[in-house]
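*Asks:* kindly generate the corresponding structure for this input.
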Amino acid sequence: MLRPAFDRVIAAFDYATPGDQLIRHMKSRRRHAHARTLAGLLADAVLAAEPPLPRHTIMVPVPASLGALKRRGFNPAAEVARALARRLPYALRPELLRRTREGRRQARLPREQRLSSVEHLYTCPVPVPGASIAVVDDVLTTGSTLDSIARAFKAAGAASVTGLVVARTPYTDSRPKR
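*Replies:* You can find the predicted model right below:
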């Protein structure tokens, strides 16, 4: 696999108990209030990150598919991003990222299929020369969505792309021990 196009990821916590339950309840039980709690945890992580994000950073939520919007009635990443924008001094510009097609549901795909299913799935409809972009999402698993989005933003001229995620799947080293 090629080196990811994104520059770094800031996560509030690992996708594990009890935080994973909060995310699942927000997404499947429509507990919108959880977005504020999760955004608060992510804001704390962003403010503590070294080096800090540039002051001119633009936050952009990952757009949900139409199927996910119909199923849930809302976009979890957008809800977190809206709450995050109230806590951080960065502009929120959801219109800077669009889906080019529906794509496949990522949750049940193996890593290789996730990587190929999001290729060219996102576009930045306007030039963003020199921009520092912070892509907001709820969970980072393989990084394939963030990588695809980062490639779109860098093609539009962005200088850097950082993932701001509530939770990331914990890294496990599956190589044999010596």
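*Asks:* what residue is smack in the middle of this protein?
*Replies:* residue 137 (2.7 Å; CA atoms, centre = their mean).
*Asks:* doesn't that residue fall inside a helix?
*Replies:* No: secondary structure of residue 137 (DSSP: H, G, I helix; E, B strand; the rest coil): strand, not part of a helix.
*Asks:* bridged to it, which residues?
*Replies:* Listed by DSSP bridges, the beta-bridge partners for residue 137 are residue 165.
*Asks:* longest helix anywhere in the chain?
*Replies:* Counting residues, the longest helix found in the chain (DSSP state H) is helix 33-48.
*Asks:* can you give me the mean pLDDT across the next helix or strand after it?
*Replies:* Using DSSP states H and E, the helix or strand that follows helix 33-48 in sequence is strand 58-61. Regarding strand 58-61, the rounded mean pLDDT is 98.
*Asks:* CA atoms of the very next helix or strand once past strand 58-61 as PDB?
*Replies:* Downstream of strand 58-61, the next assigned helix or strand under DSSP H and E is helix 66-72. Taking Å, rounded to 0.1, in the frame of the first residue of the first chain, the C-alpha atoms of helix 66-72 are listed here in PDB:
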ATOM      1  CA  LEU A  66     -27.600   8.700   1.100                       C
ATOM      2  CA  GLY A  67     -28.200   5.200   2.400                       C
ATOM      3  CA  ALA A  68     -26.700   6.000   5.800                       C
ATOM      4  CA  LEU A  69     -28.700   9.300   5.900                       C
ATOM      5  CA  LYS A  70     -31.900   7.400   5.200                       C
ATOM      6  CA  ARG A  71     -31.000   4.700   7.800                       C
ATOM      7  CA  ARG A  72     -30.000   7.000  10.600                       C
END
